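*Asks:* just need the structure, nothing else, for what follows:
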Amino acid sequence: MDPHVLRTFVTVARLGSFSAAADELGYTQSAVSQQVAALEADLGLTLLRRRPVEPTEAGLRLLEHAGPLLLRIQAARADVRRTAAAPAYRLTLAAAPAALNAVVARRLARARAAQPRLTVRVRACPAAQVADLVAGGQAELGLADGIAAPSDPLRMPDVGPLTRAGVGEEPLVVALPAGHPLAGRPGLRLADLVDARWLQTPLCPVERLRELAGDGFRPALTYTGQDVRAVVNLVAAGHGLTLLPASAAAGVPGLSGVAVLAPRLVHRVELLHGTLPPGPAAELAAELAAELAAGLSGPG
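*Replies:* Now for the predicted structure:
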């Protein structure tokens, strides 16, 4: 299956238009139509309805495979190019906002002190995109985070070979308004909170809570942004509960953080990178890994 043809099909399906796909890809509309028709002939199936343009059931199934396939191809190209690249003095760090906390920022500064010529660009993004950006070559290093059992690795998409290192864990707390009836408890079990009002956030999706503690956990409000402070403000104002790293909830006016007693959970941060040629970027990765491995919840 030709990846160029597959990319054309995905673009048409995403935009719902052959002409819009042609404009985005730099092809003629006729060329786009021919590529999709060739893919359909190869599979012996109709993948797109034409009026309106939308995937058939077979097209939807192919789209489920197409994203990971195209990403793996992009990751392979980026990995091969990295092995032959000259030492670079520019580096992009893709970071989930909650992963780049005050302690990590200070340790990044210490790691950079040994590389004064290196220019670093921090690209904030959802944790789910960090591995994609690193594998695809848009970032040399990544900081991903998420909810996990102690010492368990984060769930990552299959994007090809990446070096992963757990570089920090800290306890999670249930974040509640300071006046909430449960705010004074020494600890809470998630299973006892299935009927509470919850926030749906990238850091704490309710689907993950259901996996951990059973059905329930209906979102009262959905926040799709990446600003941890905005989540804190929503909780303090009474819009719903969420799980936060203990450090993010500590000392916030109007907010109470109560320990999670069961199941045992942590906020885990992992450092990701692909193959790095010898030079400042690789040295920074090693320095940062050593700094972060000292413990995110320890002294900064």
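
*Asks:* give me the pLDDT for the closest residue to G187 other than its chain neighbours.
*Replies:* Leaving aside its chain neighbours, G187 sits nearest to L261 (3.9 Å; criterion: CB to CB, 6 or more residues apart in numbering). Backbone N, C-alpha and C define where each C-beta goes, glycine included. With respect to pLDDT, L261 has a value of 94.

*Asks:* Three-state assignment for L261, please.
*Replies:* What DSSP: H, G, I helix; E, B strand; the rest coil gives for L261 is strand.

*Asks:* any idea how far it is from L176?
*Replies:* Distance, L261 to L176, by CB to CB, to the nearest Å: 15 Å.

*Asks:* and the two? which has more neighbours close in?
*Replies:* Neighbour comparison, L261 and L176: the larger count goes to L176, with 26 against 15 (by other CB atoms under 10 Å).

*Asks:* show me what contacts the more buried one?
*Replies:* L182, A183, V235, L241, L255, S256, G257, V258 (CB atoms under 8 Å, 6 or more residues apart in numbering).

*Asks:* isn't the last one up against R189?
*Replies:* No. The pair V258 and R189 fails to qualify as a contact (CB atoms under 8 Å) at a distance of 10.6 Å.

*Asks:* of the two, who's got more company?
*Replies:* When neighbours are counted by other CB under 10 Å, V258 and R189 differ, and V258 comes out ahead with 19 against 12.

*Asks:* OK, contacts around the more buried one?
*Replies:* Contacts of V258 (CB under 8 Å, 6+ apart): V173, V174, L176, L182, A183, R185, P186, G187, L188.

*Asks:* in the residues you listed, find the pair that's most separated.
*Replies:* L176 and P186 (13.5 Å; CB to CB).

*Asks:* in this structure, which spans are strands?
*Replies:* Assigned by DSSP state E, the strands in the chain fall at 48-50, 53-55, 90-95, 119-124, 141-148, 163-177, 188-189, 198-200, 219-222, 242-245, 255-262, 266-273.

*Asks:* roughly how far does the residue nearest to G187 sit from G240?
*Replies:* Separation of L261 from G240 (CB to CB) stands at 20 Å.

*Asks:* give me the number of residues near P253?
*Replies:* For P253, the tally of surrounding residues (other CB under 10 Å) stands at 7.

*Asks:* can we start the residue count at 602 from this point?
*Replies:* Sure thing, new numbering starts at 602, so read that last one as P854.

*Asks:* burial count for the closest residue to L822 other than its chain neighbours?
*Replies:* Distances taken as CB to CB, 6+ apart place H840 nearest to L822, at 4.6 Å, with adjacent residues excluded. Look at H840: counted by other CB under 10 Å, it has 17 neighbours.

*Asks:* list the contacts for H840?
*Replies:* Contacts of H840 (CB under 8 Å, 6+ apart): R798, L800, A821, L822.

*Asks:* go on, D828?
*Replies:* For D828, counting by CB under 8 Å, 6+ apart, the contacting residues are P698.

*Asks:* got any ranges where the protein has weak pLDDT?
*Replies:* Within the chain, the stretches with pLDDT under 70 are 679-680, 682-689, 895-901.

*Asks:* can you give me the helices for it?
*Replies:* 604-616, 619-626, 630-644, 658-685, 703-713, 728-736, 807-814, 829-837, 847-850, 881-894 (DSSP state H).

*Asks:* before we move on, back to that, TSV please, covering the contacts of V859 and showing distance to A750.
*Replies:* Listed next are the contacts of V859 as TSV, based on distance: CB to CB, whole Å:
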residue	distance to A750
V774	16
V775	17
L777	23
L783	23
A784	26
R786	22
P787	21
G788	17
L789	17
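
*Asks:* drop the exposed ones from those residues and show what's left.
*Replies:* V774, V775, L777, L789 (16 or more other CB atoms under 10 Å).

*Asks:* from memory the second one sits against L794, does it?
*Replies:* Just to be clear, that refers to V775. Yes. Counting by CB under 8 Å, V775 does reach L794; the two are 7.0 Å apart.

*Asks:* shared neighbours of those two, anything?
*Replies:* L842.

*Asks:* can you check which of the strands of the chain gets nearest to A638?
*Replies:* Taking the strands of the chain one by one with CB to CB, strand 649-651 is closest: 9.6 Å.
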